[in-house]
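Visitor: Structure for this input, please:
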Amino acid sequence: MIVHSFPPVADSRSKLLILGSMPGTASLRAGQYYWNPRNHMWAILYTLFGDGVPEPEYDSRIAFALRNRIALWDSIAACEREGSLDADIKDAVPNDIPGLLRQYPQIGAIVCNGNKSFAELQKHHGASPEVAERQVLKLPSTSPVPTPRYRGFPDKLEAWRVIKDLL
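Guide: Numbers count the residues shown, from 1 in each chain. Alright, predicted model coming up:
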């Protein structure tokens with residue numbers, strides 16, 4: 001099945017771009033970034049920049065990210081994928097990350113949410129001046145799937161703390 005990512009969330013205040021790979025099935029159905037309540041993204045952002053409790057309304061979450069100078073998008077514009085796993089992504093078509101960075105030149109850093117996001121960014125845009133002149137970090141995926149190094153929320157939160165220094 002061919003799936004498509006969402007438009008970017010960014011404004012003139014954005015200093016940090018968080019790039020996912022492609023929203024999971026639940027997020028695609030809802031039309032909302034990081035909609036799956038088991039995904040750690042919103043809990044991480046609210047712990048680092050708020051009171052630790054994500055607001056229930058999606059629009060409030062987006063406004064929170066933007067208030068904290070965080071933009072959201074995905075490395076992949078469209079791909080073939082059954083389910084939600086990055087490992088199942090085939091025939092990825094990249095988003096125009098350089099174009100977004102030209103539109104929002106104040107974005108000084110890019111944080112890739114997981115290995116696939118980073119790999120796709122580097123493959124398609126790593127040599128572009130818009131990406132190359134910015135700090136690019138690869139952080140562990142906020143997916144609820146544990147890895148040997150990042151078992152759960154506390155491990156991922158600790159790794160993601162670095163974004164506070166990028167703003």
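Visitor: which residues are contacting the host helix or strand of Ser117?
Guide: Element membership for Ser117 (DSSP states H and E) is helix 115-125. If you take CB atoms under 8 Å, 6 or more residues apart in numbering as the criterion, helix 115-125 is touched by 19-21, 74-76, 86, 89, 92, 94, 97-98, 110, 112, 131, 136, 138, 141. In this view, the C-beta of every residue, glycine as well, is placed from N, C-alpha and C.
Visitor: pretty sure Asp155 is in a strand, no?
Guide: No: checked against DSSP: H, G, I helix; E, B strand; the rest coil, Asp155 lies outside a strand; its state is helix.
Visitor: what about it, distance to Ser141?
Guide: Plainly put, Asp155 is 12 Å away from Ser141 if you go by CB to CB, to the nearest Å.
Visitor: Show me which of these two is the more surrounded one.
Guide: Ser141 (22 against 15; other CB atoms under 10 Å).
Visitor: can you pull the contacts of the more buried one?
Guide: Counting by CB under 8 Å, 6+ apart, Ser141 has contacts Asp86, Asn113, Gly114, Asn115, Thr147, Tyr150.
Visitor: Surely it is in a strand?
Guide: No: using three-state DSSP, the assignment for Ser141 is coil, not a strand.
Visitor: Show me the contacts of helix 115-125 that map onto helices.
Guide: Ile97, Pro98, Val131 (DSSP state H).
Visitor: burial measure for Pro154, as a count.
Guide: Neighbour tally, Pro154, other CB under 10 Å: 10.
Visitor: Can you give me the pLDDT of it?
Guide: For Pro154, the model assigns a pLDDT of 93.
Visitor: Give me the three-state assignment for Pro144.
Guide: Pro144 - assigned by three-state DSSP - is coil.
Visitor: And for it, nearest residue in space, chain neighbours not counted?
Guide: Arg38 (3.9 Å; CB to CB, 6 or more residues apart in numbering).
Visitor: next one: Gln32
Guide: Tyr58 (4.7 Å).
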